[in-house]
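Asker: Using only what follows, build the 3D model:
(one chain, ligands or ions: 3)
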Amino acid sequence: MCDAILVLNAGSSSIKFGVYDVGKANRPVVAARGTLEMGASPRLEVNPIEAALQTTFILQSDGLAEGIVALVEWIEHGFGNRRLIACGHRIVHGGTAFFNPVLLTPSVIDAVDSLTPLAPLHQPRSIAPIRVMVELRPQLPQIGCFDTAFHRTIEAPANRFALPREYVERGIRRFGFHGLSYEYIATRLDQAGKADKRSVVAHLGNGASLCAMRNKRSLDTTMGFSALDGLVMGTRCGSIDPGVLLYLLQHEKMTLNDLHDLLYERSGLLGVSAESGDMRDLEASASPHAREAIELFVFRIAREVAALANTLGGLDCLVFTAGIGEHSAVVRKAVCERLTWMGVKIDDDKNQHHAEVISANASAVHVGVLPADEEIVIARHVARATLLRSDES
Ligand SMILES: Nc1ncnc2c1ncn2[C@@H]1O[C@H](COP(=O)(O)OP(=O)(O)O)[C@@H](O)[C@H]1O
Ligand SMILES: CC(=O)OP(=O)(O)O
Ligand SMILES: [Mg+2]
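Answerer: Ligands and ions are numbered 1, 2, ... in the order given. Next up, the predicted model:
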């Protein structure tokens, strides 16, 4: 019997998970990864690391509960007798109250739930699996880790909006997201002896953002108060003139629900291409609108890299991560071409092969490709929190 931690990473398009074995050193080692897809073809995919053999469980309902029950059953019985000692959850918004990993008691879950208006697309998706796990295993410690936490080091003026002061006091400020992904990349840069470099990290997934970091601290980011701000995303618009919103409300008589739907679900790559919010589809498409969507996506990334380099006072390192960042050689090449004036130069062959370092020898900026791994960051936080709890008892 082996002690294990389950990590659930609920994103906007699926739930990714990891199973981590914890031995005496309390250092989590990944044993399996996978995804839980809901919606039209609900299924659970599990990939044990050692066997390198993917198993797919087709789910009957589109319910999350069925998938999580099947996953826990598989961990405890199908996958070599593991004993779950804790479960970690990615929570997108921690507001001004939550920074450190927290034990998810009923009152904490309600407090996290009350932040839903700040992240209406994500927070319910973070909370739903927590509630399922609490019901399924009431005695199991459930630990929440926050996407906003890594950005708490962003100082004024980068964290301010130019609104009257009372709004800042009411919590209207830049929070920033994808923090668990940035924390992982910060650790990797540290391991490579590059922690002190002026780095911009591009997390390009279904949601997309950039982070300016140095010495493992976030100094600026493109997402703001909500996960709508900044870059063009799969279905989200990113930065937009707020005058457009006033116009749509006032003159096109849009309701708040319609506006929410437009900005979160119908814009971004999907809106511009009129075809798909998925980069793989757009790269395969012959439509000029799909090309235009990719062009705008790239243009805005390059523009914001330059803005964040300004916050850093220069650029030593550019790192691509997450679905598009890790797998799209086309997007990386197009972004880097727009940054040639900053001394960015990539090696085409390395880029095509998604090498860990894709910069050319002559490049003034180190350009890297690293996998996103929010799950290991959460597993480490959970192991630490669980150790603290057992020390206390
Ligand atoms: N081989 C690939 N080439 C281009 N884009 C890819 C590839 N693989 C995945 N992607 C894109 O990555 C995005 C999803 O990224 P991911 O980080 O998994 O998202 P999230 O965690 O936000 O759900 C999608 O737009 C998808 O098309
Ligand atoms: C915060 C955010 O945009 O997350 P995701 O990329 O999972 O949608
Ligand atoms: Mg993600």
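
Asker: What is the neighbour count of the residue in the chain positioned nearest to ligand 2?
Answerer: Closest approach between the chain and ligand 2, counting by C-beta to the nearest ligand atom: Gly207, at 2.2 Å. C-beta here means a position set from N, CA and C on the backbone, and glycine is covered the same way. Residues lying near Gly207 (other C-beta atoms under 10 Å) number 27.

Asker: And the pLDDT for it?
Answerer: Listed pLDDT for Gly207 reads 95.

Asker: pretty sure it contacts Asp147?
Answerer: No: in this structure Gly207 lies outside contact range of Asp147 using C-beta atoms under 8 Å: 9.7 Å.

Asker: any shared contact partners between these two?
Answerer: Here Gly207 and Asp147 share the contacting residues Phe177, His178, scored by C-beta atoms under 8 Å, 6 or more residues apart in numbering.

Asker: rewinding a little: okay, the residue of the chain closest to ligand 2 and ligand 3: tell me how far apart.
Answerer: Using C-beta to the ion, to the nearest Å, Gly207 is found at 7 Å from ligand 3.

Asker: check contacts around that residue.
Answerer: Gly11, Ser12, Phe177, His178, Ala227, Met233, Gly234, Arg236.

Asker: tell me the least confident of those?
Answerer: Ser12 (65).

Asker: where does Leu262 fall, helix, sheet strand or coil?
Answerer: helix (DSSP: H, G, I helix; E, B strand; the rest coil).

Asker: for the residue of the chain found nearest ligand 1, what are its contacts?
Answerer: Ligand 1 sits closest to Gly323 of the chain, with a gap of 2.1 Å, by C-beta to the nearest ligand atom. Residues in contact with Gly323 (C-beta under 8 Å, 6+ apart) are Leu204, Gly205, Asn206, Met279, Ala372.

Asker: Only the buried subset of those residues, as a PyMOL command please.
Answerer: This is the PyMOL syntax for the buried subset of the contacts of Gly323, where burial follows 16 or more other C-beta atoms under 10 Å:
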select buried, resi 204+205+206+279+372
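
Asker: from the contacts of Gly323, which ones fall inside helices?
Answerer: Met279 (DSSP state H).

Asker: Out of the contacts of Gly323, which sit inside strands?
Answerer: Assigned to strands by DSSP state E, the following of these qualify: Leu204.

Asker: restrict the contacts of Gly323 to those near ligand 1?
Answerer: Gly205, Asn206, Met279, Ala372 (C-beta under 6 Å from any ligand atom).

Asker: Could you identify the most distant pair in those residues?
Answerer: Met279 and Ala372 (14.5 Å; C-beta to C-beta).

Asker: Stretch 328-343 and ligand 1, any residue contact?
Answerer: Yes: contact of stretch 328-343 with ligand 1 (C-beta under 6 Å from any ligand atom) involves Ser328.

Asker: Start the count at 56 instead of 1 going forward.
Answerer: OK, 56 is where the count begins now, so the last one is stretch 383-398.

Asker: in that stretch, what's buried?
Answerer: Applying 16+ other C-beta under 10 Å to stretch 383-398 flags Ser383, Ala384, Val385, Val386, Arg387, Lys388, Ala389, Val390, Cys391, Arg393, Leu394, Met397 as buried.

Asker: Report the separation between the fifth one and Thr111.
Answerer: Distance check for Arg387 against Thr111: by C-beta to C-beta, to the nearest Å, it reads 30 Å.

Asker: again with the fourth one
Answerer: Distance of Val386 to Thr111, given as C-beta to C-beta: 29 Å.

Asker: Would it be right to say that Leu304 lies in a strand?
Answerer: No: assessed with three-state DSSP, Leu304 is helix; it does not lie in a strand.

Asker: That one reaches Asp313, doesn't it?
Answerer: No: using C-beta under 8 Å, Leu304 is not in contact with Asp313; the gap is 9.4 Å.

Asker: Show residues contacting the biggest helix by length in the chain.
Answerer: Assignment by DSSP H gives helix 343-367 as the longest helix of the chain. Contacts with helix 343-367, where a contact means C-beta under 8 Å, 6+ apart, come from 213, 253-255, 257, 259, 263, 265-267, 269, 274-277, 285-287, 293-294, 324, 327-331, 334, 336-338, 340, 370, 373, 385-386, 389-390, 393-394, 397.

Asker: Of the contacts of Gly262 - the most surrounded one?
Answerer: Busiest of the contacts of Gly262 [other C-beta under 10 Å] is His233, holding 31 neighbours.

Asker: And the pLDDT at the closest residue to that one other than its chain neighbours?
Answerer: Counting by C-beta to C-beta, 6 or more residues apart in numbering, His258 is the residue found nearest to His233 once chain neighbours are left out, at 4.5 Å. Listed pLDDT for His258 reads 98.
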